[in-house]
Structure formats: structure tokens, C-alpha cells
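In: I'll drop the sequence and a predicted model, then ask my questions.
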Amino acid sequence: MKIFLQWRDAVLASLVYSPWDYKGTLQSNVDAESYLIDVAVLALKVVALNEANRRQADLKEGSYGTNYDRLLSMTRVYDLEDLFYAAMTMRFDAGVPGGSGRLCRSQA
């Protein structure tokens, strides 16, 4: 089990969410989500993987911190070609949804 080092000294846990506005437009709900991802969550500096959003700019840093390179090297022992894809895990950005909904290799 991965323990994010900053959690060991944490004195506060926050839940940041935006309720779905059923009377609002789709765009207003998308804008609310974007605000949470781009402003609110980014200000917290950490995320939990089960609550992560791949659109978040610093997802790897926020999820794995300084442990990312070490964890990636361990992952590479068993998965040299990024075949074992799972959303929000090590090398989640190796795959991207294609136009037909199929998982495709990313160009990164």
C-alpha cells in the first residue's frame, strides 16, 4: 500500500466537490468541474488516486510525489512495454481513449 509521505504529517483532510446542477447546462457543470481541477484541487497539492482526474496538470506529482521515479523503475521490471494499463496508476498516460472508445498507445 502506497502512503504519500505528506499524509504522515497532515493535520487536515479536505473533500472538494461540486454538486451536479440538474437545472444547469452541461457546459456550466463542465465549467464547475474544470474549476475544481484547475484551481481548487491544484491548491491542495495532493490527490488520492481513487479521486484523481487525468486532466489535472500535476497528477503524477500530486499522486506519487518524489516517489514517482522509484515506483516507475519497479513497474518497469514487470511491464517493459506498458501493456498492463489501468486508469490512474503508474504510466496511466501510456494509453489514451481512441475515437471509437478503444484504448490506444499515446504518443508521449
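Out: Received it, and whenever you're ready, just let me know what you need.
In: can you name the element that comes right after the helix or strand of the chain with the lowest mean pLDDT?
Out: None of the helices or strands of the chain scores lower by mean pLDDT, DSSP states H and E than helix 41-44, at a mean of 68. Counting by DSSP states H and E, the next helix or strand C-terminal to helix 41-44 is helix 59-64.
In: so where do the helices sit in the protein?
Out: Using DSSP state H, the helices of the chain run over 26-35, 41-44, 59-64, 68-78.
In: just name the most buried of those.
Out: Highest mean neighbour count of those: helix 59-64, a mean of 18 (counted as mean count of other C-beta atoms under 10 Å). The way it works is simple: take the backbone N, C-alpha and C, and place the C-beta from them, glycine included.
In: now do the contacts for M90.
Out: Residues near M90 by C-beta atoms under 8 Å, 6 or more residues apart in numbering: Y64, L71, L72, T75.
In: and for L103?
Out: Y85, G95, V96, P97.
In: show me the beta-bridge partners of the third one.
Out: Going by DSSP bridges, V96 is paired in beta bridges with C104.
In: now the residue nearest to M90 when sequence neighbours are not counted: how far from S63?
Out: Using C-beta to C-beta, 6 or more residues apart in numbering and skipping the chain neighbours, the partner closest in space to M90 is T75 (4.4 Å). For T75, the distance to S63 (C-beta to C-beta, to the nearest Å) stands at 13 Å.
In: could you do S28 as well?
Out: From S28 to S63 the distance is 28 Å (C-beta to C-beta).
In: please apply the same query to G101.
Out: 25 Å.
In: next one: D93
Out: D93 is 12 Å from S63, by C-beta to C-beta.
In: could you do R70 as well?
Out: 14 Å.
In: one more: M74?
Out: For M74, the distance to S63 - C-beta to C-beta - is 15 Å.
In: what of S18?
Out: Taking C-beta to C-beta as the measure, S18 falls 21 Å from S63.
In: ok, now V39?
Out: On the measure of C-beta to C-beta, V39 and S63 end up 18 Å apart.
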